[in-house]
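S.K.: Here is a sequence with its predicted model. Questions after.
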Amino acid sequence: MSSQHLIPPLNYGMIEEALYRSGQPNELNFPFLEKLGLKTVVWLAPEEPNQRFLNFIDDQEIKLHHLGVISSANAWDPITEEVVLEALELILNPRNYPMSIMCNLGRHRTGTIVGCLRKLQRWNLTSIFEEYRRYAGPKVRVLNEQFIELFDTDLVRVPGNRPKWL
């Protein structure tokens, strides 16, 4: 029997229990993702995920929420407040778990969503930016950090059946 190596996608991380983040997976990552038993993928890039990943999502009966199309088609534009609020609404619904938040590289759009979630969890900005920078690497975007800092958590509708970590 051959042992199968489990390879996580680029910039993979666990945000909270059954809530993950990453860049777009490729075929090498599918066995790893299968082990997560994902129910939902929140896709934040403006373009569609590649066809092989769409096939995987379909095969695994994972619900795909493509929120990136709401924002500008320019990958350099910061994510919009509308996208963040829609993503957080999905994240705060435990029925969507296990869930992964993804964009092409799992850096900027995903990092901005996670940063806004951390703000909602009342993390301090130093810790939020440290986490953002860990995934962004040398490609930190000050506009994203500014967006997180100015994000108004009062705009987020927190459901009664929210995850236990919030």
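M.R.: Yep, it's here.
S.K.: Assign the most centrally placed residue in the chain to helix, strand or coil.
M.R.: Residue closest to the average C-alpha location in the chain (CA atoms, centre = their mean): Ile101, at 2.2 Å. Per DSSP: H, G, I helix; E, B strand; the rest coil, the secondary structure class of Ile101 is strand.
S.K.: Kindly report the same for Glu131.
M.R.: Per three-state DSSP, the secondary structure class of Glu131 is helix.
S.K.: count of residues packed around it?
M.R.: Neighbourhood size, Glu131 [other CB atoms under 10 Å]: 17. Heads up, the C-betas are built off the backbone N, CA and C, glycines and all.
S.K.: show me what contacts it?
M.R.: Neighbouring residues of Glu131 by CB atoms under 8 Å, 6 or more residues apart in numbering: Gly111, Val114, Gly115, Arg118.
S.K.: Could I get the contacting residues of the third one?
M.R.: If I follow you right, that is Gly115. Contacts of Gly115 (CB under 8 Å, 6+ apart): Ile128, Phe129, Glu131, Tyr132, Asn144, Glu145, Ile148, Phe151.
S.K.: cool, the first one as well?
M.R.: With contacts taken as CB under 8 Å, 6+ apart, Gly111 has the following neighbours: Glu131, Tyr132, Tyr135, Ala136, Asn144.
S.K.: The last one contacts Ile113, doesn't it?
M.R.: This means Asn144. No: if you go by CB atoms under 8 Å, Asn144 and Ile113 don't touch, sitting 10.1 Å apart.
S.K.: helices and strands of the chain: which one bottoms out on pLDDT?
M.R.: Sorting the helices and strands of the chain by mean pLDDT, DSSP states H and E puts helix 142-150 at the bottom, at a mean of 94.
S.K.: quick one on the thing from earlier: farthest pair in the contacts of Gly111?
M.R.: Largest separation among the contacts of Gly111 by CB to CB: Glu131 and Asn144, giving 12.2 Å.
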